[in-house]
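1. sequence and predicted structure are below.
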Amino acid sequence: MAHAVTETAASAPLPRHIAITMDGNGRWAAARGLARTAGHKAGLEPVRLCVRECARLGIEALTLFAFSSENWSRPAEEVASLMGLFLEAIDREVSELDRQAVRLRIIGNRHALSVRLQAQIAAAEQRTAHNTGLKLQVAVSYGGRWDIVQAARALATQCTSGALALTAIDEAHFAAALELGTLPDPDLLIRTGAERRLSNFLLWNLAYAELYFSDLLWPDFDATEFARALAFFAGRERRFGQAAGEGATALKAAP
Ligand code: IPE
Ligand code: IPE
Ligand code: MG
């Protein structure tokens, strides 16, 4: 059956930009009597898979939610081990990402991260900056509300200095000041872990995303489930507020 799902996806309209909330690592580990950290470690393989699949399908952008503004309030040991994992993962994966022509960017409040991690992020971003393949964003210390506030502050600073006229601020201008900048909005949000909420991810950019909720825990996410999400997307009629029917062809044409 997985084969049939893959075939449907291959001939159907694809999202330009996929966002994924990678949830369920802790429950995956608990179900095996393991520490939560083991679940976070196991979550790296599906990340590799998604990057490979998106690159193979020629999808323009992939944005992964790895650590939220609110996740700082978890026990210190869990936070420390997650930060260690990010450090390790960037170190270990950057060559392979580069080989796949992936452009890596970290979005979120990077000043909240250790100086060492910030330096490693900057180096990895620099190394892959000129790659023309998949645009991969990893959200670390990211919150949708934080993002909107930092954009508002950046624009207000420009207004105060006289570099920007108040009347020049429109939706496009505001969006460009957000972390995703001029990337197209995600067309599809996938959230694993059986929760049906946004948890403060990309509040502005997900305005018209199709939402695919998976009951799988993130470490169990695989190619079959990815293909199911794409098939779900292909079956949606995106209307962007238009009357039914009119919008049927609007799949790729954002308003
Ligand atoms: C997602 O998995 C990873 C992070 C939020 C860092 P969780 O750690 O939230 O796993 P559950 O939801 O507790 O199972
Ligand atoms: C959302 O998962 C954040 C990430 C996956 C990075 P959470 O586990 O933090 O979300 P809630 O607490 O269930 O809403
Ligand atoms: Mg969770």
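-> Everything's here; your move. Ligands and ions are numbered 1, 2, ... in the order given.
2. which of the helices or strands spans the nearest residue to residue 187 once chain neighbours are set aside?
-> Once flanking residues are discounted, residue 187 sits nearest to residue 15: 3.7 Å by Cβ to Cβ, 6 or more residues apart in numbering. From N, CA and C alone the C-beta is placed, and that goes for glycine too. Secondary structure assignment for residue 15, by DSSP states H and E: no helix or strand.
3. ok, residue 231 next?
-> Element membership for residue 231 (DSSP H and E) is helix 223-234.
4. in the stretch 151-255 of the chain, which residue sits nearest ligand 2?
-> Evaluated by Cβ to the nearest ligand atom, the stretch 151-255 of the chain has residue 199 as its residue closest to ligand 2, separated by 3.6 Å.
5. ok, so what distance separates residue 161 from residue 151?
-> Here the criterion is Cβ to Cβ, to the nearest Å. By it, residue 161 lies 16 Å from residue 151.
6. of those two, who's got more company?
-> Neighbours were counted for residue 161 and for residue 151 using other Cβ atoms under 10 Å; residue 151 has more, 19 against 8.
7. for the more buried one, give me its contacts.
-> By Cβ atoms under 8 Å, 6 or more residues apart in numbering, residue 151 lies in contact with 174, 177-178.
8. hang on, the earlier thing: from what I can see, the residue of the stretch 151-255 of the chain closest to ligand 2 looks like it's in a helix, true?
-> No. Assigned with DSSP: H, G, I helix; E, B strand; the rest coil, residue 199 falls outside any helix and is coil.
9. that one contacts residue 69, doesn't it?
-> No. The pair residue 199 / residue 69 is not scored as a contact, 10.1 Å apart, by Cβ atoms under 8 Å.
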